[in-house]
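okay, structure incoming, though there's no sequence with it:
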């Protein structure tokens, strides 16, 4: 188990749309708390030996979501981790239950404009490789917002601050939970 050397027995899970800074802020938060950081998408890529776009191309979104659920099920058993989930991890009821049962869930929220700006040049996001990424992001936000809210213990709206500052603020908000 990766997180066993930490001082916390609980986990912290970051959820939210792609481009909200879950990985960047998550790394800083884990460092600040002395916890182990794991990015769910990176873990899937390591276990599969293939990147996310390739998995989407070969297995489709459904195949990717199946893999995502399997890896998440393994990772929630760790103790003392900060886990950045993928934007769609909350789609499966099973995943939402796992997150709620095994740690503190932080929903990182951003405006549509912020998401567009942060993802516009990223070619590793299969769902945005379309003619109108704005339309896709709007649809994803409508579909997923209630699910992020459902699992969240803490909701934080992005203010375009430095990741270290955001992580420090989150660490303070987490104190009653850890």
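Received it, and whenever you're ready, just let me know what you need. As the structure is a prediction and not an experimental result, all values here were calculated from the model.

what segments of the chain are helices?
22-33, 40-48, 52-75, 93-102, 112-119, 133-151, 163-174 (DSSP state H).

can you say which of those helices is packed in most?
helix 22-33 (a mean of 21; mean count of other Cβ atoms under 10 Å). For glycine as for every other residue, the C-beta is placed from the backbone atoms N, C-alpha and C.

list the contacts of that one.
Residues outside helix 22-33 that contact it (Cβ atoms under 8 Å, 6 or more residues apart in numbering) are 6, 8, 12, 14-16, 35-37, 39, 81-85, 108, 163-164, 166-168, 170-171, 174, 178.

related to what we said a few turns ago, can you check which of the helices of the chain gets nearest to residue 157?
Nearest to residue 157 among the helices of the chain is helix 112-119; the distance by Cβ to Cβ comes to 9.7 Å.

which outside residues touch the closest one?
17-21, 110, 125, 128, 133-134, 137-138, 141, 158, 160.

just the angle between it and helix 133-151, please?
In terms of direction (axes from the mean of the first three to the mean of the last three Cα atoms, to 10 degrees), helix 112-119 departs from helix 133-151 by 110 degrees.
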